[in-house]
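Undergrad: return a 3D structure for these sequence lines:
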Amino acid sequence: MTRLLIGFMLLLSGMNSFAQHAYFATKGSIQYEKVVYTKARMRDIMAKYGGNNRGMMYMGNIDEMPESSTSNFVLQFDENQTVMSPSDTSTPVKSTMTAPGITKGGRSSGGGSRGGAGAGGSQRNNNGGNRMGGMMRGNNKMGEKIYVQNLRSRTSEIQLQIDEKILIKDSLQQVTWRFTDEFRTIAGYECRRVNGATKDSLYLIAFYSEEIPISAGPVLTNGLPGMILGLVIPEMHINYWATEVKFTNVEISNSWRDKKAKEMTANDFFKLLSGSIFRGRGGNESEQKRQILEQIIY
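TA: From the prediction side, this is the model:
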């Protein structure tokens with residue numbers, strides 16, 4: 001009896017020690033699938049601009065557009081940084097997630113399961129208006145955007161190509177998050193839902209997991225006590241869902257960086273495009289800036 005009691009106490013002691021020293025990996029990669037509901041997105045754009053903004057017109061029948069388009073990204077992460085780039089996976093794992101229900105006001109009505117993935121941008125080689133038109137319609141080179149978060153310096157970089165390679169440097173975007181009691185499983189991880197708003201009042205829905213203790217996520221999202229594995233941007237009809245998580249000891253490579261890329265701040269980039277895009281079309285500077293940066297980031 002004494003031996004049995006001692007054995008039981010040792011077992012409890014071992015379980016407690018394991019719980020206190022549970023291992024949470026801080027280095028690895030995550031496959032994300034992005035879905036853009038292209039038809040709904042284009043209808044919103046056309047309704048907003050009334051077809052008067054030539055750089056944002058869709059030359060065709062919207063009813064003949066596909067309902068959605070998908071693409072895949074891989075996010076490499078460690079305790080210091082994340083690098084998100086288009087995935088070269090030829091046969092990606094398909095997510096079954098759907099976005100939470102959204103009311104007409106742009107706020108979630110709860111519920112939902114799993115979703116899909118998204119489109120790239122577009123390129124035109126003329127003035128800033130054509131550049132922005134390209135971003136709105138979609139093109140492979142804009143789809144080759146690379147997103148970098150430096151978690152120590154709280155800075156971000158986006159490398160993209162319009163007429164030339166550009167590297168946009170800025171501070172990490174700030175999001176005000178509000179926690180909820182809704183949970184769901186994404187890529188095998190229990191995730192908690194939070195609702196957020198950027199300083200430009202763009203509404204976001206995120207699902208994060210504390211099992212990956214890195215305060216980061218897709219497309220420069222951050223600020224939560226764990227990795228964001230699901231991201232919904234209702235106003236833009238865009239979702240990101242993690243489909244696979246791998247842990248590794250491989251260091252993050254800087255091979256993505258193009259030494260010939262032209263460096264500029266987000267404000268410089270805005271000034272580069274805004275004059276030709278919005279000239280004579282109204283709208284305040286804050287709204288114009290938001291429209292440009294949203295197309296670049298998300």
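Undergrad: who's residue 194 bridged to?
TA: Beta-bridge pairing for residue 194 (DSSP bridges): residue 179, residue 206.
Undergrad: neighbours of it, how many?
TA: Residue 194: 20 surrounding residues under other Cβ atoms under 10 Å. Glycine gets a C-beta too; all of them are placed from N, C-alpha and C.
Undergrad: what about it, distance to residue 182?
TA: Counting by Cβ to Cβ, to the nearest Å, the gap from residue 194 to residue 182 is 9 Å.
Undergrad: what about the strands in this protein?
TA: 28-36, 69-77, 81-86, 101-102, 108-110, 146-150, 155-161, 165-171, 175-186, 189-198, 203-209, 227-233, 238-247, 262-265 (DSSP state E).
Undergrad: any chance of these in a markdown table, plus distance to residue 63?
TA: Formatted as a markdown table, the strands of the chain follow (distance: least, Cβ to Cβ, whole Å):
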| stretch | distance to residue 63 |
| --- | --- |
| strand 28-36 | 17 |
| strand 69-77 | 16 |
| strand 81-86 | 29 |
| strand 101-102 | 22 |
| strand 108-110 | 27 |
| strand 146-150 | 33 |
| strand 155-161 | 31 |
| strand 165-171 | 35 |
| strand 175-186 | 33 |
| strand 189-198 | 32 |
| strand 203-209 | 27 |
| strand 227-233 | 24 |
| strand 238-247 | 21 |
| strand 262-265 | 39 |
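Undergrad: deepest-packed of the ones you listed, please.
TA: strand 227-233 (a mean of 27; mean count of other Cβ atoms under 10 Å).
Undergrad: so what touches that strand?
TA: By Cβ atoms under 8 Å, 6 or more residues apart in numbering, the residues outside strand 227-233 that reach it are 30, 77, 97, 99-100, 102, 115, 184, 186-187, 189, 191, 202-209, 212-219, 221-222, 238-242, 245, 298.
Undergrad: cool, stretch 73-88 as well?
TA: For stretch 73-88, using Cβ under 8 Å, 6+ apart, the contacting residues are 26-32, 34, 71-72, 89, 120, 143-152, 212, 214, 216-219, 227, 240, 251-253, 256.
Undergrad: make TSV out of the strands of the chain and add mean pLDDT.
TA: Formatted as TSV, the strands of the chain follow (pLDDT from 0 to 100):
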stretch	mean pLDDT
strand 28-36	95
strand 69-77	94
strand 81-86	95
strand 101-102	53
strand 108-110	42
strand 146-150	96
strand 155-161	93
strand 165-171	93
strand 175-186	97
strand 189-198	97
strand 203-209	97
strand 227-233	97
strand 238-247	96
strand 262-265	93
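Undergrad: so which of those gets nearest residue 290?
TA: strand 189-198 (8.6 Å; Cβ to Cβ).
Undergrad: for the closest residue to residue 248 other than its chain neighbours, what are its contacts?
TA: Residue nearest to residue 248 in three dimensions, not counting chain neighbours: residue 28, with 5.2 Å by Cβ to Cβ, 6 or more residues apart in numbering. By Cβ under 8 Å, 6+ apart, residue 28 lies in contact with 76-77, 212, 245-248.
Undergrad: the strands of the chain: which one's closest to residue 287?
TA: Per Cβ to Cβ, nearest to residue 287 of these: strand 189-198, 13.4 Å.
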